[in-house]
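**Student:** sequence plus predicted model, see below.
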Amino acid sequence: MKLLRQIATSNRAIIFSITLGAMLAPLCATPAVAQLASTPPMGWNSWDSYGTTVRENEVKANADTMAAKLKSFGWQYIVVDIQWYEPNAQAHGYRSNAKLSMDDHGRLIPAVNRFPSAKDGQGFKPLADYVHNKGLKFGIHILRGIPRQAVVENYPIFGTSIHAGDIADKNSLCRWNTDMYGVDMTKPGGQAYYDSIVAQYAKWGVDFIKADDMSSPYHKTEIEGLHKAILHSGRPIVLSLSPGPAPLTEAASLRDNAQMWRIEDDLWDNWRSVKNMNTRIEAWSKRVEPGHWPDADMLPLGHIGLRAERGNDRLSQLTHDEQRTLLTLWSIARSPLMFGGDLPTLDPFTTTLLTNGAVLSANQHSTGNHIAYSKGDLRVWTAHATGANHRKYIAAFNLGDTPVDTHLRWQQIGWKGAAGAIEELWTNKKVPGSAGLKIQLAPHASSIYSVNAP
């Protein structure tokens, strides 16, 4: 009897523990931020085309084109880049100490002369609604810290008795822009300020924040504060950190606080930038996992430079081979894909890049992506296709200035062999490969294959 009573008491304790755990789990659970961006985000960003100057009608036009031509291929984010709060923003740089649009709590708001629907305190809500009604998601760029203008006028932090001057770190400055001071997160009100701006963004319907001047140099406390503010807002907002290079030594912190982080400084349409990105991507390849994406930066393809920070109105100066190489590398390495060209004036060749579903599938639905072979200027990546029996990817790159012509044996990339036809995904051509793969690449060119392999 004593043993039975012990068993009964033990069972009741287990049942109580399970029941209490089930009751408390929703209260104790941390929001599943890691489940945001379960695949690399794909979208459009205004920077490469419009720099600091993009206007509401241009954002809408890009959203219209994405919805009509690209959404079915997985493209979904429309992101307004830097200085949407600067009424007199200009191409080719920033106006020093510009007068910014902000509310009575030091929070930046869209410049109404550029974003007319923001009138009467509506902020980006009407524009976000427009984008959402297209079945897309809306994002904005922000700079680290609190506006210097808010500090000079010493605005009160929303919901507190603390003022902007109490939390500003006037020694923490952006190296390339004069809009902001850093926030001293050890001061009372530091977190409240970040909470207040993200609450505003959540109210507007923002789905994506590109936070700049955050990760190079690495501002850990403000990154953590922004991450907490997103959690406090209750809205699922993807956080992307810029600029690069983000430090590899902070990989754990980056993973804990963001879904994307830049691994290099701004990428533009020249081969040197693309070639150098290989080294960065290779270094970060083991850190790629669902919800956490090392970001090789935007795709400077198509029609760019309309009113950009760098360069004049032009089609991308990368050759067609170099453009395919860029998108092949971003895809096999699973970098986020943020297109920088102007979508309403998209040219036919760039359209073929952005609508190749097979290549994009490697970016969105693959695992185990890594360099399997490297010799001279030849790099070969392999990956497994998610959910496909024995389906794998091979991507080969010629980083040099002379042609590559070689026969790659399966053993050289750690495979036992391949069965059936191999398809090159840019050309849709079947190629033989019983004993290996013949690789012929022009300078700066690449190929990506789908392979049935054991």
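**Tutor:** Arrived safely, thanks for sending. Numbering: from 1, shown residues only.
**Student:** ok, the nearest residue to Pro300 once chain neighbours are set aside - contacts?
**Tutor:** Nearest non-adjacent residue to Pro300, counting by C-beta to C-beta, 6 or more residues apart in numbering: Asp269, 4.2 Å away. Quick note: C-beta positions are derived from backbone N, CA and C, even for glycine. By C-beta atoms under 8 Å, 6 or more residues apart in numbering, the contact list for Asp269 reads 300-301, 304, 311, 316-318.
**Student:** now Trp293
**Tutor:** 37, 40-41, 259-261, 334-336.
**Student:** most neighbours, which of these?
**Tutor:** Trp261 (33 neighbours; other C-beta atoms under 10 Å).
**Student:** could you check how far that one is from Lys60?
**Tutor:** Distance of Trp261 to Lys60, given as C-beta to C-beta, to the nearest Å: 29 Å.
**Student:** Ser335 now?
**Tutor:** Plainly put, Ser335 is 27 Å away from Lys60 if you go by C-beta to C-beta.
**Student:** next: His92.
**Tutor:** His92 is 24 Å from Lys60, by C-beta to C-beta.
**Student:** looking at the two, which one has more neighbours?
**Tutor:** Neighbour count, other C-beta under 10 Å: between His92 and Lys60, Lys60 has more, with 17 against 14.
**Student:** and the helices in the stretch 1-150 of the chain, which stretches?
**Tutor:** 2-28, 47-50, 56-65, 125-133, 148-152 (DSSP state H, counting those that start in this stretch).
**Student:** mind telling me which of those helices the model trusts least?
**Tutor:** Ranked by mean pLDDT, those bottom out at helix 2-28, which scores a mean of 35.
**Student:** which one is Ile237 nearest to, not counting chain neighbours?
**Tutor:** Ile230 (5.0 Å).
**Student:** typed the wrong thing, it's Ala385
**Tutor:** Nearest to Ala385 is Arg391, by C-beta to C-beta, 6+ apart, at 3.9 Å.
**Student:** over to Ala372?
**Tutor:** Closest to Ala372 by C-beta to C-beta, 6+ apart is Ile413, at 3.9 Å.
**Student:** wait, that neighbour touches Tyr373, no?
**Tutor:** Yes - Ile413 lies in contact with Tyr373 (C-beta atoms under 8 Å); the separation is 5.1 Å.
**Student:** list the residues that contact both of the two?
**Tutor:** Common neighbours of Ile413 and Tyr373 (C-beta under 8 Å, 6+ apart) are Val380.
**Student:** still on that earlier bit, quick check, nearest of the contacts of Trp293 to Ala252?
**Tutor:** Ala252 lies nearest to Trp261 out of the contacts of Trp293, by C-beta to C-beta, at 12.0 Å.
**Student:** who's the closest one bridged to?
**Tutor:** Per DSSP bridges, the residues bridged to Trp261 are Leu241, Pro294.
**Student:** got a list of what it touches?
**Tutor:** Listed by C-beta under 8 Å, 6+ apart, the contact set of Trp261 reads 215, 240-242, 244, 246, 254, 293-295.
**Student:** so can I have a markdown table of those residues showing distance to Val380 and pLDDT?
**Tutor:** Output for these, formatted as a markdown table (distance: C-beta to C-beta, whole Å; pLDDT from 0 to 100):
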| residue | distance to Val380 | pLDDT |
| --- | --- | --- |
| Ser215 | 30 | 96 |
| Ser240 | 29 | 98 |
| Leu241 | 30 | 98 |
| Ser242 | 30 | 98 |
| Gly244 | 25 | 95 |
| Ala246 | 26 | 97 |
| Leu254 | 28 | 98 |
| Trp293 | 22 | 98 |
| Pro294 | 20 | 98 |
| Asp295 | 23 | 98 |
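**Student:** as CSV, the residues you listed with distance to Asp377 would be great.
**Tutor:** Shown next, in CSV, are the contacts of Trp261 (distance: C-beta to C-beta, whole Å):
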residue, distance to Asp377
Ser215, 30
Ser240, 31
Leu241, 32
Ser242, 30
Gly244, 24
Ala246, 27
Leu254, 31
Trp293, 27
Pro294, 23
Asp295, 25
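**Student:** longest strand anywhere in the chain?
**Tutor:** As assigned by DSSP state E, the longest strand anywhere in the chain is strand 366-375.
**Student:** now do whichever helix or strand comes after it, average pLDDT.
**Tutor:** Using DSSP states H and E, the helix or strand that directly follows strand 366-375 along the chain is strand 378-385. Averaged over strand 378-385, pLDDT sits at 97.
**Student:** what packs against strand 378-385?
**Tutor:** helix 357-364, strand 366-375, strand 391-398, strand 404-409, strand 436-441 (3 or more C-beta pairs under 8 Å, 6 or more residues apart in numbering; DSSP states H and E).
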